[in-house]
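[1] after the sequence you'll find the predicted model.
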Amino acid sequence: MKLKICGACGGKKLTAFANETFTIDGEVSLHGLAGERCACCGEVYFDTESQDRYIDASDALVLARREEERKMLVRVRKKLKLTQQQAARLTGGGHNAFSRYERGQARPLPAVTNLFKLLDRHPEMLQEL
């Protein structure tokens, strides 16, 4: 029998678990997952089906967050009455940057997203920029 070793800590005691619930970023709960857990460090190794379900749910969450971010940028830019070119100049991007952000073809830097979140709450700050 092949000895299983935890890839995270090197522990030699992996115990099976079944029908457990895992939550991804406090937003998505997945029920009925199975696999093995290291008794030393708690690292989890899902079985193939559980791993596939977890990956699919994680990917869907990332895509949903990107869509929310995209919609927020469009909404705030319009609220501030900025063209895409003006928004790109404001954030230091190229002339087509905001068009690509708003179409979901490119991801803005976190600084761009954070700036627009601030301007959403404090639109008067636009005059200072």
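    Arrived safely, thanks for sending. Numbers count the residues shown, from 1 in each chain.

[2] next, count neighbours for the closest residue to residue 98 other than its chain neighbours.
    Of all residues not flanking residue 98 in the chain, residue 84 sits nearest, at 3.9 Å (C-beta to C-beta, 6 or more residues apart in numbering). Every residue, glycine included, has its C-beta placed from N, CA and C. Residue 84 has 19 neighbours, counted by other C-beta atoms under 10 Å.

[3] wait, isn't residue 84 in contact with residue 94?
    No. Applying C-beta atoms under 8 Å as the test, residue 84 and residue 94 come out as separate, 10.9 Å apart.

[4] rewinding a little: can you pull the contacts of the residue nearest to residue 98?
    Counting by C-beta atoms under 8 Å, 6 or more residues apart in numbering, residue 84 makes contact with 77, 96, 98, 99, 102.

[5] any of those buried? List them.
    77, 98, 99, 102 (16 or more other C-beta atoms under 10 Å).
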